[in-house]
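[1] Sequence first, then the predicted structure:
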Amino acid sequence: MNPLEWYIEKCGELIGYNRLKDKFASYKKIYEQASIPLLFHEYVSAVIVTTAIAFVIVFVILPTADIFLKFLGAMLASLLLLFLLYIYPMERVDSRKKKIDAELPLALNYMAALLGSGAPPITAFSMLADFEEYEEISKEARRIARDCNVLGMDLPTALERESEKCPSKQFREILKSLKSEIISGGNITRFFEEKAEDRMAHYERQQEEYERVSDTLGSIYLVVALVAPLLFITGIAIIDFISSSGVGDLIGGAVVSPEITFQLFVAGVFVGIPLINIMFIIIVKMTQPEVI
């Protein structure tokens with residue numbers, strides 16, 4: 001057992017499974033879609049214990065004698081860590097959703113080819129599970145194959161079970177439709193061919209839409225992140241010139257001290273401009289679809 005596994009096990013023992021099994025139901029559903037290789041109660045236990053340990057460590061090492069400041073700093077640090085660990089599964093779910101949606105067209109074509117060659121549906125899912133190029137869809141197929149081959153479920157039941165844990169709405173709908181198609185005895189090969197064509201057309205429309213959005217974002221970035229900082233620096237230089245040369249007294253305007261001017265410059269250059277760029281990076285990341 002490696003140190004991380006030992007730590008997670010001890011966290012679970014400290015918090016206790018019975019205290020968590022009936023709590024955080026909505027969060028548990030999100031966690032299951034994140035496909036994190038830890039049981040839900042293990043992750044939650046590790047988050048709680050790690051946050052508490054972080055509070056104690058920050059409280060001890062914070063270089064101040066003021067107890068209130070030490071407590072406040074430790075509280076803020078532990079809350080920040082708690083927030084990051086809390087949203088991590090949500091970020092994983094969003095990342096998996098985008099990857100599954102991007103992989104769908106080619107994966108559906110692959111399944112249609114396998115079924116067209118005479119392979120049974122469960123064999124097609126087993127082969128897709130071993131096809132590592134489709135990273136996230138392969139994980140979904142692997143669980144379906146496991147439920148059928150190891151747990152003895154029939155394919156419609158396995159499809160229904162996996163559709164409840166899949167983060168992609170598109171793939172969920174396909175799994176549910178496939179279940180109905182199997183039960184009704186429809187043409188499964190044709191089903192996959194039609195879905196592959198539909199998803200490929202959707203993917204192409206999505207890429208075209210993103211190109212238009214990226215052009216708009218590029219224009220906004222050019223104005224806000226490049227032109228605005230130049231105007232800000234120019235304005236600071238003008239204010240400093242007016243204040244230091246005495247022109248402000250002559251025209252009856254307010255005089256800004258050099259210290260305040262310098263503070264404005266530092267705040268704008270080292271805080272304002274980086275925040276603008278970080279904001280644009282986040283916006284681009286949120287709007288960018290996965291590429292096949």
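    Great, that's in hand.
[2] Could you count how many residues lie near residue 42?
    19 (other CB atoms under 10 Å). In short, each C-beta sits where N, CA and C put it, glycine included.
[3] Ignore what I typed, I meant residue 84.
    11.
[4] Likewise for residue 65?
    Residue 65 has 7 nearby residues by other CB under 10 Å.
[5] And the strands in the stretch 51-200 of the chain, which stretches?
    Using DSSP state E, counting those that start in this stretch, the stretch 51-200 of the chain contains no strands.
[6] the helices in it, which residues?
    In the stretch 51-200 of the chain, the helices defined using DSSP state H, counting those that start in this stretch lie at 67-116, 121-129, 135-149, 155-165, 169-184, 188-221.
[7] Now mean pLDDT too, for those, in a markdown table please.
    Shown next, in a markdown table, are the helices of the stretch 51-200 of the chain (pLDDT from 0 to 100):
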| stretch | mean pLDDT |
| --- | --- |
| helix 67-116 | 89 |
| helix 121-129 | 90 |
| helix 135-149 | 90 |
| helix 155-165 | 90 |
| helix 169-184 | 90 |
| helix 188-221 | 83 |
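[8] Tell me how far the residue nearest the centre of the chain lies from residue 167.
    For the chain, the residue sitting closest to the mean C-alpha position, by CA atoms, centre = their mean, is residue 91 at 2.3 Å. Noted for residue 91: a distance of 11 Å to residue 167, by CB to CB, to the nearest Å.
[9] Pull out the buried positions in stretch 172-180.
    172, 174-175, 178-179 (16 or more other CB atoms under 10 Å).
[10] Show me how far whatever helix or strand residue 282 lives in is from its chain's centre.
    Taking DSSP states H and E as the definition, residue 282 sits inside helix 273-287. Relative to its parent chain, helix 273-287 has a centroid offset of 15 Å by CA atoms, centre = their mean, to the nearest Å.
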